[in-house]
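# prediction below, plus the sequence it came from.
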Number of protein chains: 2
Amino acid sequence: MSHSETVDRILDAAELLFAEKGFTETSLRMITSKAKVNLAAVNYHFGSKNALIQAVFSRFLDPLSHMMEQGIRELGWRTGQADHFELEDIFRLYTQSLLKIPTRHKNGISNFMRLLGLAYSQSQGHLRKYLEQEYSRALVSFMRLIKACTPELTPEERFWRIQFTLGTIAFSMSSIQPLTEILENSANAQAKPERVVELLVPYLVAGLKAKPVLPPKV
Amino acid sequence: MSHSETVDRILDAAELLFAEKGFTETSLRMITSKAKVNLAAVNYHFGSKNALIQAVFSRFLDPLSHMMEQGIRELGWRTGQADHFELEDIFRLYTQSLLKIPTRHKNGISNFMRLLGLAYSQSQGHLRKYLEQEYSRALVSFMRLIKACTPELTPEERFWRIQFTLGTIAFSMSSIQPLTEILENSANAQAKPERVVELLVPYLVAGLKAKPVLPPKV
DNA sequence: TCAGATATCAAACGTATGTTTTAAACAATT
DNA sequence: AATTGTTTAAAACATACGTTTGATATCTGA
């Protein structure tokens, strides 16, 4: 697959539509008509709809995971040096990387977080498999850092708290619009990702650092 | 729509399949073949696929919302009496109600939480509208209680923290099964909803009670 | 300049979907 | 026993989907 104007237009349209409607609910005809390209272009350039979905994720996730790994390396963080850094620093690193990613259209970040949430909740088998084997390294290093910062937790409780944390991130960043509509809260018009992140990080840290329920193994 | 054996069999099959695959990814033919009823039965009894989706939610949500409202009434909680109860009590009330709901098949709760998560993330327009107008009262009373317990938060920060909280609940409860599969960690084999809830509540309370980022209005 | 690769296009293919139809079987009431 | 309303059954309907085809246009490099 070479790199043409058409490819980018397809990816742009697909990213928006997938985030808005979901994967199955978005047809190739919607995408190609929004991108103003021929219907066959998707199968020509990407091979299949599933491959297009994966390509949408790659375009965002590749620079992101790269930036995160670099950030960890630059700070010289090592597992086992838990006293040298704090949970908040980790989240700041990740969220700053996230906000720095150049996006094609505005709201690109919350748009993409919504995609991540969909990938997680919607059981798109092929996508989960793809993301796992493609970006497992980044996830593993993240887990290591969390572990180093929460030595007081049993593995089980740590596991679940990490899941809660990931869930909170994916969900809250992804569904900003729906809930604001439900709550009819007009005070939240300024729902920029930067603002949400600012409020989110302390919330996550507090949850992870809460007094453990399970007694530690002695 | 009368109440026959066929209706229940359809609802049972639909509940399982929707939770497993999502709404769009589940066809009426899958449902009717699993329920061992005729294809036309769905449109006869429910009218349409969308109406069936809503019926699945009603069967679970009606007793749940009723039980929750009753719980609040029995405890005599009133807004403005924040010193009489704690956040943890509220969550316990809700989670206990949730766990007490009789389900048709085992794993019914996590099954249904997964459905709720899907309804939340997947932008099924008709479903969101239906849930809003049908169960807004329960949500509003929940918000009131949270507000009474977190007077130190600005409306904006409280709004977002509630958002984070709801996201965490929906997300974590819905992805219990997928995660346990990923884990393969025998230490976490006991991933029963009761167990997860036990770990979840303190996490949520800590997040809501975290030191506020935004300065309070004086 | 002109072949050869690359990209676009309109049209069609096969399949699966939600829904409707028509007829038959069943149940309950008169 | 006949009639009515209700439920099942099989088949067909129209539509939308992802994908493929084959012809045409566009670009590229020698």
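Structure's in. What do you need?
# check whether the longest helix anywhere in chain A contacts DNA strand C.
For chain A, the longest helix by residue count, based on DSSP state H, is helix A:49-75. No: interface with DNA strand C: helix A:49-75 contributes nothing (C-beta under 7 Å from any atom of the strand), its closest point being 12.1 Å away. In short, each C-beta sits where N, CA and C put it, glycine included.
# next SSE after the helix or strand bottoming out on mean pLDDT in chain A?
One helix or strand of chain A scores below all others by mean pLDDT, DSSP states H and E: helix A:176-183, with a mean of 51. Counting by DSSP states H and E, the next helix or strand C-terminal to helix A:176-183 is helix A:193-208.
# by contact count, what packs against that following helix?
Helix A:193-208 sits against helix A:87-100, helix A:108-121, helix A:155-174, helix B:155-174, helix B:193-208, with contacts defined as 3 or more C-beta pairs under 8 Å, 6 or more residues apart in numbering or on different chains; DSSP states H and E.
# could you list the buried residues of the fourth one?
This points to helix B:155-174. Neighbour-count burial for helix B:155-174, counted by 16 or more other C-beta atoms under 10 Å in any protein chain shown, picks out B:156-174.
# which other helices and strands contact that helix?
Under the contact definition 3+ C-beta pairs under 8 Å, 6+ apart, helix B:155-174 sits against helix A:108-121, helix A:155-174, helix A:176-183, helix A:193-208, helix B:108-121, helix B:125-149, helix B:193-208.
# okay, these in a markdown table with distance to DNA strand D next?
As requested, those are exported to a markdown table (distance: least, C-beta to the nearest atom of the strand, whole Å):
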| stretch | distance to DNA strand D |
| --- | --- |
| helix A:108-121 | 15 |
| helix A:155-174 | 21 |
| helix A:176-183 | 22 |
| helix A:193-208 | 29 |
| helix B:108-121 | 19 |
| helix B:125-149 | 15 |
| helix B:193-208 | 33 |
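# output the below-cut-off pLDDT ranges for chain A.
Low-confidence segments of chain A (pLDDT under 70): A:1-3, A:75-85, A:106, A:121-125, A:173-192, A:216-218.
# so how far is residue A:32 from residue A:39?
5 Å (C-beta to C-beta, to the nearest Å).
# so which of those two has more stuff around it?
The residue with more neighbours, out of residue A:39 and residue A:32, is residue A:32; 20 against 13, by other C-beta atoms under 10 Å in any protein chain shown.
# check which helix or strand covers that one.
Per DSSP H and E, residue A:32 falls inside helix A:28-35.
# okay, the angle between that helix and helix A:49-75?
Angle of helix A:28-35 versus helix A:49-75, following axes from the mean of the first three to the mean of the last three C-alpha atoms, to 10 degrees, is 60 degrees.
# so which of the helices and strands packed on helix A:193-208 is nearest residue B:27?
helix A:108-121 (19.9 Å; C-beta to C-beta).
# just want the angle from that closest one to helix B:155-174.
With the same axes, to 10 degrees defining the directions, helix A:108-121 sits at 30 degrees from helix B:155-174.
# helices or strands up against helix A:108-121?
Helices and strands touching helix A:108-121, by 3+ C-beta pairs under 8 Å, 6+ apart, are helix A:5-21, helix A:49-75, helix A:125-149, helix A:155-174, helix A:193-208, helix B:108-121, helix B:155-174.
# distance of residue A:71 from residue A:199?
Counting by C-beta to C-beta, the separation of residue A:71 from residue A:199 is 22 Å.
# higher neighbour count, those two?
More crowded of residue A:71 and residue A:199, by other C-beta under 10 Å: residue A:199, with 20 against 17.
# one step back: ok, and what's touching the helix holding residue A:32?
The contact list for helix A:28-35 (C-beta atoms under 8 Å, 6 or more residues apart in numbering or on different chains) reads A:6, A:9-10, A:12-14, A:16-17, A:21, A:38-39, A:41-43, A:49, A:52.
# next: stretch A:209-218.
Under the contact criterion C-beta under 8 Å, 6+ apart, stretch A:209-218 has outside partners A:87, A:150, A:152-154, A:156-157, B:198-199, B:202-203, B:205-207.
# among those residues, which two are most distant?
Distance extremes for these: the farthest pair is A:87 and B:198 at 22.5 Å, using C-beta to C-beta.
# tally of neighbours for residue A:136?
For residue A:136, the number of neighbouring residues by other C-beta under 10 Å comes to 10.
# kindly report the residues of chain A close to DNA strand C.
Residues of chain A lying close to DNA strand C (C-beta under 7 Å from any atom of the strand) are A:2, A:4, A:5, A:6, A:37, A:38, A:39, A:40, A:41, A:44, A:45.
# can you tell me which of those residues is nearest DNA strand D?
DNA strand D lies nearest to residue A:40 out of these, by C-beta to the nearest atom of the strand, at 3.7 Å.
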